[in-house]
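1. test case, fold it:
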Amino acid sequence: MLFEDLSLSKSIQKAVFEEGYLNPTPIQEQSIPIVLAGRDLIGCAQTGTGKTAAFAIPIIHQLHRIVGSSKKAKQIRALIVTPTRELAVQIGQSFDTYAKYTNLTQLTIFGGVSQNPQVDILKKGVDILVATPGRLLDLQKQGFLDLNHLHVLVLDEADQMLDMGFINDVKKIVKLTPKNRQTLLFSATMPIAIRELAEMFLQDPAKVEVSPVSSTAENVEQRVYFVDKTEKRNLLYHLIKTDGLSNVLVFARTKHGADNVVKALRKKDIPAEAIHGDKSQNARQRVLDAFKNKEVGVLVATDIAARGIDIDQLPFVINFDLPNIPETYVHRIGRTGRAGNGGIAISFCGKDEHPYWKDIQKLIKVDVKTISDHPYQWHAGSPDATEKPKNSNRSGGAHKSRKSNASKQNKKRWY
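-> Numbering: from 1, shown residues only. Below you'll find the predicted structure:
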């Protein structure tokens, strides 16, 4: 299938063509017709599959058809809620790109910066609003937001919003929107809590799952190093110097851990930066730009901050700390091997993390290559290798929600 087969407006087709898009990705091919038809949608797709375009392109098509060349005061007709500032910026840029030959306008709002420039634009009016939950609710309480004319609501990276504790904020936001809205929910994983959220807020949604959560890209070479916990920094330096690694995204479990890895690398004259929630928006954007421009060779990130990193040609991902949730591993290594490029995913596994690695292997069902030719190894078959680490319980206690009565009613739709 080609993009020109999706019955999109010529303005959008021109913008898409200029971006080099010819064939839609599977998530785009399946989702765009559903969104154009006005149905609610649950989309499950891991990172790098093109899901932003899967909702942005049909939303622009619909709004352009409705708004047309109207010179009336602009009103918020599409709201995209996403958990991090980096993701919000990227989504906003995507809307700007795909809508550049229309008269639609978008604004991206997030915390950590002055609200005044955002408020000034809101007062002038916008068609599309991309927002993080906190800043959205803050400006709404101050009376700067009117969502009564909303046509479509997008909840992006829903699983991450759940992990970050935004679930109550999301519920508040949904209550601020018209009941006859179209709702699209996208998530890299589908835990029970997300399915319950969908039952509450979506009406008879279509479901699109282009890639099982357990799948890892075939063009990503996976390697594991069994390494003593205290030697991980030495191993990281060893690989960077011995193998000449550059453009490396390193995952750390905590913000403090990310900063410590950066400090250790800098002591050895390796240009490295950290990106996590404690840094200001401007600082995070500067670091990300420096990494994209290859001014910084190593970027150390937490999982939350990494959701905003979108680089097509990222050759290396290193799991400095293994995640205790297997699906997070799939999401992490999906940062490499994108847009048809190859990639290498390296994992450091300490003795205390071996149970995590066993859970990951059960999920991905891939025979990952073990690299034993390094000076800091421990053996996975040692007697204490099977000990469970403390606090390894991964079962999140989610309250079972009743399906909203409103979701059972037939409501007038905006399309």
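2. from now on I want contacts and neighbour counts done on CA atoms only, so please keep to that.
-> Will do.
3. neighbouring strands for the particular helix or strand that has residue 221 in it, and are they parallel or not?
-> Here residue 221 is covered by strand 220-226, with elements defined by DSSP states H and E. The pairing partners recorded for strand 220-226 under DSSP bridges are strand 343-349 (parallel), strand 369-370 (parallel).
4. tell me which of those strands sits most buried.
-> Most buried of the strands paired with strand 220-226, by mean neighbour count (mean count of other CA atoms under 10 Å): strand 343-349, with a mean of 23.
5. CA atoms only for that strand, dumped as PDB, please.
-> Extracted in PDB, the C-alpha atoms of strand 343-349 (Å, rounded to 0.1, in the frame of the first residue of the first chain):
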ATOM      1  CA  GLY A 343      21.700  -2.100  15.600                       C
ATOM      2  CA  ILE A 344      23.400  -3.700  18.500                       C
ATOM      3  CA  ALA A 345      21.800  -4.100  22.000                       C
ATOM      4  CA  ILE A 346      24.100  -4.900  24.800                       C
ATOM      5  CA  SER A 347      23.000  -5.900  28.300                       C
ATOM      6  CA  PHE A 348      25.000  -6.000  31.500                       C
ATOM      7  CA  CYS A 349      23.800  -8.600  33.900                       C
END
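6. in the very next helix or strand once past that strand, which residues are buried?
-> Using DSSP H and E, the helix or strand that directly follows strand 343-349 along the chain is helix 354-364. Using 16 or more other CA atoms under 10 Å as the test for burial, helix 354-364 gives 354-357, 360, 363-364.
7. residue 104: which of those is nearest?
-> Within the buried residues of helix 354-364, proximity to residue 104 (CA to CA) peaks at residue 364, which comes in at 42.1 Å.
8. right, and residue 203 touches residue 42 too?
-> No: if you go by CA atoms under 8 Å, residue 203 and residue 42 don't touch, sitting 10.4 Å apart.
9. on that earlier part again, what about the strand holding residue 221, distance to the chain center?
-> 23 Å (CA atoms, centre = their mean, to the nearest Å).
10. got the contact list for the helix or strand just after that strand?
-> Per DSSP H and E, the first helix or strand lying C-terminal to strand 220-226 is helix 232-242. By CA atoms under 8 Å, 6 or more residues apart in numbering, the surrounding residues in contact with helix 232-242 are 227, 245-246, 261, 264-265, 268, 320, 348, 374-376.
11. so what secondary structure elements neighbour the helix or strand that helix 232-242 is followed by?
-> Next in sequence after helix 232-242, counting helices and strands by DSSP H and E, comes strand 248-251. Contacts defined by 3 or more CA pairs under 8 Å, 6 or more residues apart in numbering; DSSP states H and E place strand 248-251 against strand 298-301, strand 316-319.
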